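Engineer: what follows is a predicted protein model with its sequence.
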Amino acid sequence: MSITENREIENLLKNIHQGLKKYSIKELNQAILGFFNKKNDKSGEIEFVLNSVAHHFSISLNTLKKKNVRGSIIDAKQLSYCLLHFNLGLSVREISKNIFLNSPTAVSNGIKRLKQADITHVSDKKFLEKYYLLEKKLVNHIALETQKNIEFNVE
């Protein structure tokens, strides 16, 4: 091990020791688990995606999440599927079961639409333009949130 790794381990053990002075083992363990869960929690990003798509299409969240829709709302749902899948790394199953309560096939078809988009078709070109615009907003949002977390942790 390098000297820096040894120092990091020493700091970790000191912090655990300080934590055990103030909290019980159970409380400290719950705080650590809460931290890990918060790190893996993407609910803020999911909410941002849904709100951004709904705002872009001038529809409500309830309309976006409806099961049987037509027209531009299908585009909105499919854009949401793509952003959640490609940019947040959610599985088709997670998107279908936990967010939209749709069949996995509907989500897969939405994702396929982006993968197989042909820029020579007007509707596909518009779909891609909207995807890239919303993707840019999502990336900026994540960057701002990350910056806030870094500033918070430094202070």
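Structural biologist: Great, that's in hand.

Engineer: quick one: low-confidence residue ranges for this protein.
Structural biologist: Applying pLDDT under 70 to the chain flags residues 33-40, 149-155.

Engineer: you'd agree P104 is up against V92?
Structural biologist: Yes. Using Cβ atoms under 8 Å, P104 is in contact with V92, at 5.1 Å. For glycine as for every other residue, the C-beta is placed from the backbone atoms N, C-alpha and C.

Engineer: all helices for the protein, in order.
Structural biologist: Under the criterion DSSP state H, the chain contains helices at 3-22, 25-40, 43-57, 61-65, 72-82, 92-94, 104-115, 122-154.

Engineer: okay if I get those helices as CSV plus mean neighbour count?
Structural biologist: CSV is the format used below for the helices of the chain (neighbours: other Cβ atoms under 10 Å):
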stretch, mean neighbour count
helix 3-22, 10
helix 25-40, 10
helix 43-57, 17
helix 61-65, 14
helix 72-82, 21
helix 92-94, 15
helix 104-115, 16
helix 122-154, 13
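
Engineer: right, I'll call it a day here.
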